[in-house]
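J.: this one's structure only:
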């Protein structure tokens with residue numbers, strides 16, 4: 001079977017190959033050696049806003065920049081698809097297969113028909129954002145590293161920064177899913193029946209039911225954060241231990257593309273399951 005690549009496929013493949021080749025050229029041309037592990041390992045670029053000293057007055061600029069870049073990229077891609085062909089090509093077939101799979105999961109988890117489409121829209125949006133954010137963590141790019149009391153921008157020393165390695169991003173998504181699920185539940189059941197559900201099967205279970213609901217966004221966000229952040233640190237540590245320049249490339253690809261894709265799907269499935277369980 002012969003695989004035909006479109007012009008877009010060739011351009012994308014060219015960028016990926018060029019990125020990896022640029023690493024090798026850079027290493028050979030400069031005699032680059034990875035710096036020694038120091039106190040800056042695992043540290044993030046945190047900017048303190050001019051007002052206040054609390055956690056709410058601190059931001060990670062890379063999380064904001066990359067989140068907006070991913071959103072603009074997805075919107076641009078969606079806007080470029082004006083008409084779906086009757087006989088789909090490879091890209092359209094892939095998109096239709098993915099969306100059909102998510103729609104099937106949504107229909108199985110959400111029993112009330114009127115909430116299937118809104119839940120599907122939320123799930124598809126979450127999956128696409130998280131999937132892109134995770135995949136770029138397997139592609140060499142630009143990073144901002146706190147070093148020597150300042151911030152140093154590195155090129156090809158690490159992968160592109162992914163917003164999902166920031167717990168704040170994942171916690172925001174998880175809390176959003178929690179709020180949406182209970183808003184749907186109130187609309188589906190009515191406020192009285194929704195509130196009564198916290199006291200079932202016995203009123204004494206109210207504290208446990210409440211803790212269980214509040215624990216959902218905690219576990220939901222920490223699962224994704226732990227896998228993405230932990231994968232990045234593991235790549236860094238093994239890279240220093242092996243001292244072999246091809247090893248980081250392999251590890252970036254494994255954790256970014258393979259593990260990242262699975263974690264995006266897991267986060268989306270859990271979001272669908274949480275919404276469906278509260279609506280029932």
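T.: Structure received. Please read these numbers as outputs of a predicted model, since none were measured by experiment.
J.: What residues sit buried inside stretch 260-268?
T.: Burial within stretch 260-268, assessed by neighbour count using 16 or more other C-beta atoms under 10 Å, is assigned to 260, 261, 263, 264, 265, 267, 268. C-beta: built from backbone N, CA, C; applies to glycine.
J.: Other residues contacting stretch 195-209?
T.: If you take C-beta atoms under 8 Å, 6 or more residues apart in numbering as the criterion, stretch 195-209 is touched by 185, 189, 210, 213.
J.: before we move on, the earlier item: mind checking which of the buried residues of stretch 260-268 are in helices?
T.: 260, 261, 263, 264, 265, 267, 268 (DSSP state H).
J.: In terms of model confidence, name the weakest of those.
T.: Within those, residue 260 has the lowest pLDDT, namely 77.
J.: ok, for that one, nearest residue in space, not its chain neighbours?
T.: Closest residue to residue 260 apart from its sequence neighbours, by C-beta to C-beta, 6 or more residues apart in numbering: residue 134 at 2.7 Å.
J.: in terms of contact, does the one you found touch residue 258 like I think?
T.: No - contact criterion C-beta atoms under 8 Å: residue 134 and residue 258 do not qualify, at 9.8 Å.
J.: Looking at those two, which one has more neighbours?
T.: Legend: neighbour count by other C-beta atoms under 10 Å for residue 134 and residue 258, higher for residue 134 (28 against 13).
J.: Where does the more buried one sit: helix, strand or coil?
T.: Assigned state for residue 134: helix (three-state reduction, DSSP: H, G, I helix; E, B strand; the rest coil).
J.: and it, how far is that from residue 80?
T.: 22 Å (C-beta to C-beta, to the nearest Å).
J.: ditto for residue 167
T.: For residue 167 relative to residue 80 (C-beta to C-beta), the value is 33 Å.
J.: Among the two, which residue is more densely surrounded?
T.: Neighbours were counted for residue 167 and for residue 80 using other C-beta under 10 Å; residue 167 has more, 16 against 7.
J.: in the stretch 1-150 of the chain, which segments are predicted with low confidence?
T.: Applying pLDDT under 70 to the stretch 1-150 of the chain flags residues 1-13, 15-17, 19-24, 26-28, 30-44, 48, 52, 54-57, 81-91, 147-150.
J.: just the strands in it please.
T.: 47-48, 58-59, 140-147, 150-159 (DSSP state E, counting those that start in this stretch).
J.: Residue 109 - how many residues pack around it?
T.: 20.
J.: Grab the nearest non-local neighbour of it.
T.: Closest residue in space to residue 109, ignoring its immediate chain neighbours: residue 276 at 3.4 Å, by C-beta to C-beta, 6+ apart.
J.: Count the neighbours of that neighbour for me.
T.: For residue 276, the neighbour count with other C-beta under 10 Å is 22.
J.: List the contacts of residue 188.
T.: 112, 115, 279.
J.: Could you export those as CSV, including distance to residue 203?
T.: Output for the contacts of residue 188, formatted as CSV (distance: C-beta to C-beta, whole Å):
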residue, distance to residue 203
112, 27
115, 28
279, 23
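J.: ok, of those, which come out buried?
T.: 115, 279.
J.: right, and residue 194 touches residue 182 too?
T.: Yes - contact criterion C-beta under 8 Å: residue 194 and residue 182 qualify, at 7.2 Å.
J.: Tell me who's in contact with residue 182.
T.: Contacts of residue 182 by C-beta under 8 Å, 6+ apart are 194, 213, 278.
J.: Dihedrals phi and psi, residue 139?
T.: phi -120, psi 130 (degrees, to the nearest 10).
J.: Would you mind pulling the contact partners of the helix or strand encompassing residue 274?
T.: For residue 274, the element it lies in under DSSP states H and E is helix 260-279. For helix 260-279, contacts defined as C-beta under 8 Å, 6+ apart pick out 102, 105-106, 109-112, 115, 119, 122-123, 126-127, 130-131, 133-135, 137-138, 162, 164, 170, 173, 177-178, 180-182, 184-185, 188-189, 216, 220, 223-224, 227-228, 231.
J.: Then stretch 59-70?
T.: Contact with stretch 59-70 is made by 44-47, 49, 129, 132-133, 136, 143-144, 160-163, 166, 168-169, as judged by C-beta under 8 Å, 6+ apart.
J.: dump the residue contacts of residue 115.
T.: By C-beta under 8 Å, 6+ apart, the contact list for residue 115 reads 184, 188, 275, 279.
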